[in-house]
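K.L.:
Next comes the sequence, and after it the predicted model I'd like to discuss.
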Amino acid sequence: AQSVAQPEDQVNVAEGNPLTVKCTYSVSGNPYLFWYVQYPNRGLQFLLKYITGDNLVKGSYGFEAEFNKSQTSFHLKKPSALVSDSALYFCAVRDPYSSASKIIFGSGTRLSIRP
Amino acid sequence: DTAVSQTPKYLVTQMGNDKSIKCEQNLGHDTMYWYKQDSKKFLKIMFSYNNKELIINETVPNRFSPKSPDKAHLNLHINSLELGDSAVYFCASSPPGRGNYEQYFGPGTRLTVT
C-alpha cells in the first residue's frame, strides 16, 4: 500500500536561512509526488509535483523539491526563508498503477519562520 | 474568478440533524473530491467523482452521501450528524489528462456538531 511520511511535526527556521521540510514515501513502482501548503483557515494550495524527468522540481513561491529514488525521499527546500512562508506543508503521493485518482497525504509539517 | 467554491463556510448544528455542503468548480475539471480534515490537521479522502461517476468511496459511514449533478458540482449530504463529524470538509478538483493529478482545493467548510 502506498504511504507517505513527514517525520517532523514542526520545523523552525530564521528568516533568510535555507529551509528543508522532509518527506519519505513508500509505493510500488515510480511514484507521483506532490507538495501542498495550507495557510491558516484556508484550503490547500498546490506547490509542485514530480511525475518523471529531472529530479529537481521547481514550484511556486521559490520552493523546490528533490526526488531521490534510492532514499525514497522528496524533501521540500527553499534557499532563503520568508516569514510569509510560515504555514502547514503537506507531502502527498499517488500510486501510478492505481486506476483511481487517489492521492495519500502525509500528516503535515508546520513551518515557522522567525524574523 | 476561476476557483473551487464551497458553501457554507461555517456550519453549526445539533446532533441528529441532516445537513448539506455544496461545492462548485469552474475550472473545467473532470474529477472532484471530498476530504475531511480533523482537529489534528490530518487529511483523509472520502469520495471522488469523475464525470459524475463515483470512483473512490473510502470507508465512510453511509450517513455521508455525495451527489454529483454534473461534473462541475459535487455536494455532500450528511444524515444524523454526530459529534465526531465535527471537522473541516474540503472539496477539490483535478484536471483531465495523464499526469495532471494535482488537486485544487476549495476554502473549506468548518462543521461543528453540538
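P.N.:
Good, I have the coordinates.

K.L.:
nearest residue to the residue of chain A found nearest chain B other than its sequence neighbours?
P.N.:
Using Cβ to the nearest Cβ, the point where chain A gets nearest to chain B is A:Gly43, with a distance of 3.4 Å. No exception for glycine: its C-beta is placed from N, CA and C like everyone else's. Closest residue to A:Gly43 apart from its sequence neighbours, by Cβ to Cβ, 6 or more residues apart in numbering or on different chains: B:Phe105 at 3.4 Å.

K.L.:
Model confidence for that neighbour, exactly?
P.N.:
pLDDT recorded at B:Phe105 is 95.

K.L.:
same thing with A:Ser99?
P.N.:
For A:Ser99, the predicted pLDDT is 62.

K.L.:
got it, and the one 5 residues further on?
P.N.:
On pLDDT, A:Ile104 comes in at 90.

K.L.:
And what about it, helix, strand or coil?
P.N.:
strand (DSSP: H, G, I helix; E, B strand; the rest coil).

K.L.:
tally of neighbours for it?
P.N.:
Number of residues near A:Ile104 (other Cβ atoms under 10 Å in any protein chain shown) recorded here: 20.

K.L.:
Just the element for A:Val13, please.
P.N.:
strand A:10-14 (DSSP states H and E).

K.L.:
next one: phi and psi at residue 31?
P.N.:
Looking at chain A here, since you left the chain open. phi -90, psi 160 (degrees, to the nearest 10).

K.L.:
my bad, chain B
P.N.:
phi -120, psi 140.

K.L.:
per-residue pLDDT, it?
P.N.:
pLDDT, B:Thr31: 91.

K.L.:
In contact with it, which residues?
P.N.:
Shown in contact with B:Thr31 (Cβ atoms under 8 Å, 6 or more residues apart in numbering or on different chains): A:Ser101, B:Ser48, B:Tyr49, B:Asn50, B:Asn51, B:Ile55, B:Ser93, B:Ser94, B:Pro96.

K.L.:
now it, which residues is it bridged with?
P.N.:
B:Asn50, B:Ser94 (DSSP bridges).

K.L.:
do the same with A:Lys78
P.N.:
Beta-bridge partners, per DSSP bridges, of A:Lys78: A:Leu19.

K.L.:
is it true that B:Val113 touches B:Ser80?
P.N.:
No: contact criterion Cβ atoms under 8 Å: B:Val113 and B:Ser80 do not qualify, at 10.4 Å.

K.L.:
hang on, the earlier thing: give me the sheet partners of the strand holding A:Val13 and which way each runs.
P.N.:
strand A:109-114 (parallel).

K.L.:
how about the partner strand: buried residues?
P.N.:
Using 16 or more other Cβ atoms under 10 Å in any protein chain shown as the test for burial, strand A:109-114 gives A:Thr109, A:Arg110, A:Leu111, A:Ile113.

K.L.:
returning to that earlier point: for the residue nearest to A:Gly43, give its distance to B:Phe90.
P.N.:
B:Phe105 is 5 Å from B:Phe90, where distance means Cβ to Cβ, to the nearest Å.

K.L.:
what's across from the residue lying closest to A:Val11 once chain neighbours are set aside in the sheet?
P.N.:
Sequence neighbours aside, A:Leu111 is the residue nearest to A:Val11 in space, at 5.1 Å (criterion: Cβ to Cβ, 6+ apart). Taking DSSP bridges, one obtains A:Val11, A:Ala87 as the residues bridged to A:Leu111.

K.L.:
Looking at A:Leu111 now. What's its pLDDT?
P.N.:
Predicted confidence (pLDDT) for A:Leu111: 97.

K.L.:
A:Lys77 - how many residues pack around it?
P.N.:
So A:Lys77, with other Cβ under 10 Å, has 15 neighbours.
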